[in-house]
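**Student:** pasting the sequence and the predicted coordinates here, then a few questions.
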Number of protein chains: 4
Amino acid sequence: MMKTTTPDSLATDAPAKARGSARKADSNRPKRNGAVTRQRILDVAMSEFADHGYSGSRIDRISASAGVNVGMIYHYFSNKDDLYLAALEACYKVIRDRERTLDVNEGDPISAMRQLIELTFDFLSTDPYFVRLIMSENLMMGRIAQRSATIPVMTQPLLDSLRTILKRGQAERLFHKDIDAENFYVSILGLCFVHVSNRYTLSSMFQHDFADPEWLKQRKGVVTDILISYLRGSEV
Amino acid sequence: MMKTTTPDSLATDAPAKARGSARKADSNRPKRNGAVTRQRILDVAMSEFADHGYSGSRIDRISASAGVNVGMIYHYFSNKDDLYLAALEACYKVIRDRERTLDVNEGDPISAMRQLIELTFDFLSTDPYFVRLIMSENLMMGRIAQRSATIPVMTQPLLDSLRTILKRGQAERLFHKDIDAENFYVSILGLCFVHVSNRYTLSSMFQHDFADPEWLKQRKGVVTDILISYLRGSEV
Amino acid sequence: MMKTTTPDSLATDAPAKARGSARKADSNRPKRNGAVTRQRILDVAMSEFADHGYSGSRIDRISASAGVNVGMIYHYFSNKDDLYLAALEACYKVIRDRERTLDVNEGDPISAMRQLIELTFDFLSTDPYFVRLIMSENLMMGRIAQRSATIPVMTQPLLDSLRTILKRGQAERLFHKDIDAENFYVSILGLCFVHVSNRYTLSSMFQHDFADPEWLKQRKGVVTDILISYLRGSEV
Amino acid sequence: MMKTTTPDSLATDAPAKARGSARKADSNRPKRNGAVTRQRILDVAMSEFADHGYSGSRIDRISASAGVNVGMIYHYFSNKDDLYLAALEACYKVIRDRERTLDVNEGDPISAMRQLIELTFDFLSTDPYFVRLIMSENLMMGRIAQRSATIPVMTQPLLDSLRTILKRGQAERLFHKDIDAENFYVSILGLCFVHVSNRYTLSSMFQHDFADPEWLKQRKGVVTDILISYLRGSEV
DNA sequence: CATGAATGAGAGTTCATTCAT
DNA sequence: TATGAATGAACTCTCATTCAT
């Protein structure tokens, strides 16, 4: 089975030593370093949960991949639920951090919006572990996410960015007025998410690979067109 | 936990007697009837798999809900995988059948397309078991669906309908030319799917309920606008 | 897995029609014929029990192979134990019948004994289902066989034959006197049985096939030599 | 049902503490000791498999008798097959070790061979668990044993011993020349094995107990006579 | 006679979690 | 901090047997 890889360079703020793929034996790594161990567990957990969903994930497999003892997982994360929550939040942190790298006040609003769309499209397509973790959580009907205090907080900057771009576009009469930031984000998400979330069933339906780079490139154009043309739509 | 309900009236072609939600005791129902029992198991399985995903679903729970012995499930479906496949295919059959109720050759192309979009939107929003089953299957990376011979076959009429509408619209110069039926279906699906698939994480992010009827109604308008305005887009 | 075949021509006294390998559909066979059905079940049961031992055997598999319904097995044989007993007795009947084809009063005693040994050797080597059924029964510590009234009865003619040959040989001073018929039969059995009963573990130990025809032929000579030279042994 | 007992003193090299029959509560034994637990499971497994054959054996019963949790069996032996293989190999180790206690270069060849025969006879008669395990494995057509690398290796010293004795006997003109070591071992095995392997069916046939010490003693003499007289046979 | 749907007990195996060391 | 042995509950699946039709 294909394994989703978590983006080591972005997933955490842990010291550089801790990064790199998890390994069972690494004579160089310090024998006792709580933060590093904790982070290694978290990295592995993200990909395990992404690969198998919550109930499909195995504590044993995580501990083996992280090269630590089962007890360590319980030491740092209490139980499977809490570990899952930590993985989920870490995951949201990655995309929200990346969104903030955009400067939404600069340049023309259309290209700003296009950048945000493309960033979202690329992020979801390139790092499917995010999509998978989100799907998994929704399959559980938000059982874990609803306990999170940081998820709504992390959403705020994204909403602010969207509102800024929309306001600037409306001020310049490039976008029509009836556009709600939150609702528009749902549209972005839907169009950037579905070919990743539904990659396999779409493949069954249409008998080709929806992760093919050529297809993705063309699809990104279509998605951007759809969304931008909608923003400008009421001109018509 | 909320329970998704499968649409009894559509899920099967079994005799009317068999329909109705599963129940443990029904003095009226025949004590030994293979077809009916099989169907009752399948109905229950669809909602169990939708509610809990593949690994979260329990054979015990299915047999209890269906009011049959565990062994019966294995008698009719061999194993969990095959039962899941049967549920998945039954599920696809429902939406594909519903899509075929539309007459794509009649009326103007725009309203034909609008009908298809709205049907899709309504179906996915009203019967989340479909969305959830699809998500679950994709989380398993299509392990089961790829064994299905009927899924691609059932897709054909949908593609035909889309192509018919698009061709008619292009002939009447209502739609621009560069639209690929399959690609457009992915857009429809993305916009009709995401608020259901991501209902719970979106709720965590934005702190309101994405199944609220008022919100859904408004959202359906937006989705239709986005898609239709894209179809006509090249006018701009 | 290799399948032991029961000797159709010898296993039963049922009408010829019933013989031949079991089959699922045979349009020619009479739809209702108790004796035939019963026999077909018994034939299949012998090979099933021989192939898998008691606990490894499956009623379902027997009914499928016999081309009859599960209920039929219970109709004719009450339960698994009784079916097993019937198979075991049928099995003993085959070898005991075969032994009686020898005329122990004719010719010289040595060649009579040699014939009996060779008959035993050939029977056990050629039809391993007998050996396997006996092993299986012994693994169960004779749980079933001890209920059989016919097994000891069927043994009598064999003992009689052995005693006749021994007595004749001793009268002619060809065999020494201290030979007990029963004990001698155990020796015959041991030497004719072990390469069949232990075929697979011997193969693991010595890394060659103990069912190889060439090896069997040579081994039969050795076994006969050992036993005959023992009979004449007191000359030394 | 009679229970075969495994020879605790020989089955393992585990520390003395671990020996003795399995028991549920033993306040003296260490609560957490992998090697000891593993060995206790193996000891119990040997007798369970010997008593019931492979399919008749129950993991539950083994764990109960060993006084450990079911999971422990899977922790140490992965699955029933592997546990069975471990038991089988342990079993072979016992007899092969015992055979090596003989000094085949000392004394006269006839008495050396007699010792080997009697050791084999006694071992198989006294510890029927060996015979039963071997039977069970053969009933499965060597499914497990053929995966063993150690069984053929452990056979080598036995073959060497036999060859040594035979060569010495032939050099001294005590044995005739045409004797193959492997073939002769099959004869030894057959004659020492059959009254144990077929104990119950022989009892049904002849209506007396083939484990009776008096009978065994006399039989041992017969078996030795048969084999030794064959070795010297060609003198005649 | 004959069918196969239905049962219930129990099989092997897995897994989150705890705890002695 | 760190280990991995140990637990107990649960899960998927099997099977001899019964019984309505």
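**Tutor:** Here it is on my side, so go on.
**Student:** after the helix-or-strand element of chain A with minimal mean pLDDT, which helix or strand is next?
**Tutor:** Ranking every helix and strand in chain A by mean pLDDT, DSSP states H and E puts helix A:8-11 at the bottom, with a mean of 36. Sequence-wise, the next helix or strand downstream of helix A:8-11 (DSSP states H and E) is helix A:34-56.
**Student:** got the buried residues for that following helix?
**Tutor:** For helix A:34-56, the neighbour count (16 or more other C-beta atoms under 10 Å in any protein chain shown) marks A:36-56 as buried. For the C-beta atoms, the positions are set from N, CA and C on the backbone; glycine is no exception.
**Student:** A:Q170 sits in which helix or strand?
**Tutor:** Counting by DSSP H and E, A:Q170 is found in helix A:150-171.
**Student:** pull the CA atoms of the following helix or strand past that helix into CSV?
**Tutor:** Toward the C-terminal end, the helix or strand that comes next after helix A:150-171 (DSSP H and E) is helix A:181-197. Written as CSV, here are the backbone C-alpha positions of helix A:181-197 (Å, rounded to 0.1, in the frame of the first residue of the first chain):
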residue,chain,number,x,y,z
ALA,A,181,-15.7,34.5,2.6
GLU,A,182,-16.6,31.4,4.5
ASN,A,183,-18.9,30.1,1.8
PHE,A,184,-16.2,30.8,-0.8
TYR,A,185,-13.7,28.9,1.2
VAL,A,186,-16.0,25.9,1.1
SER,A,187,-16.0,26.2,-2.6
ILE,A,188,-12.3,26.3,-2.8
LEU,A,189,-12.0,23.4,-0.5
GLY,A,190,-14.5,21.3,-2.4
LEU,A,191,-12.8,21.9,-5.7
CYS,A,192,-9.3,21.3,-4.4
PHE,A,193,-10.3,18.4,-2.2
VAL,A,194,-12.5,16.1,-4.1
HIS,A,195,-10.0,14.6,-6.6
VAL,A,196,-7.8,13.7,-3.6
SER,A,197,-10.5,12.5,-1.2
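**Student:** now do the same for A:E48: its pLDDT.
**Tutor:** As predicted, A:E48 sits at a pLDDT of 93.
**Student:** excluding chain neighbours, what is closest to the residue nearest to the spatial centre of chain A?
**Tutor:** Centroid-nearest residue in chain A, with C-alpha atoms, centre = their mean: A:F130, separated by 3.6 Å. Excluding its sequence neighbours, the residue lying closest to A:F130 (C-beta to C-beta, 6 or more residues apart in numbering or on different chains) is A:C91, at 5.5 Å.
**Student:** the one you found: neighbour count?
**Tutor:** Counted by other C-beta atoms under 10 Å in any protein chain shown, the residues lying close to A:C91 total 24.
**Student:** A:R40 and DNA strand E: what is the separation?
**Tutor:** 17 Å (C-beta to the nearest atom of the strand, to the nearest Å).
**Student:** name the element the residue lying closest to A:V196 once chain neighbours are set aside belongs to?
**Tutor:** In space, and not counting its chain neighbours, A:V196 is closest to A:V131: 4.5 Å by C-beta to C-beta, 6+ apart. A:V131 is part of helix A:128-139, with elements assigned from DSSP H and E.
**Student:** can you pull the buried residues of that helix?
**Tutor:** Buried residues in helix A:128-139 (16+ other C-beta under 10 Å): A:128-139.
**Student:** and which of those is nearest C:P157?
**Tutor:** A:L139 (72.8 Å; C-beta to C-beta).
**Student:** how about the nearest residue to the closest one once chain neighbours are set aside, what does it touch?
**Tutor:** Once flanking residues are discounted, A:L139 sits nearest to B:G53: 4.7 Å by C-beta to C-beta, 6+ apart. Taking C-beta atoms under 8 Å, 6 or more residues apart in numbering or on different chains, we find B:G53 in contact with A:53, A:55, A:136, A:139-140, B:132, B:135-136, B:139.
**Student:** so what pLDDT did B:G53 get?
**Tutor:** pLDDT, B:G53: 87.
**Student:** repeat that for A:A35.
**Tutor:** 82.
**Student:** so which bits of chain A are right by DNA strand E?
**Tutor:** When proximity is defined as C-beta under 7 Å from any atom of the strand, chain A approaches DNA strand E at A:57-60, A:70-71, A:74, A:79-81.
**Student:** now with 6 Å, please.
**Tutor:** Residues of chain A lying close to DNA strand E by C-beta under 6 Å from any atom of the strand are A:57-60, A:70-71, A:74, A:79-80.
**Student:** need these in CSV (columns: pLDDT).
**Tutor:** Shown next, in CSV, are these (pLDDT from 0 to 100):
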residue, pLDDT
A:S57, 92
A:R58, 93
A:I59, 95
A:D60, 92
A:V70, 93
A:G71, 92
A:Y74, 94
A:N79, 94
A:K80, 94
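**Student:** the inter-axis angle of the helix or strand hosting the residue nearest to A:F130 versus helix A:128-139?
**Tutor:** Using DSSP H and E, the element containing A:C91 is helix A:80-99. Orientation check (axes from the mean of the first three to the mean of the last three C-alpha atoms, to 10 degrees): helix A:80-99 against helix A:128-139 gives 130 degrees.
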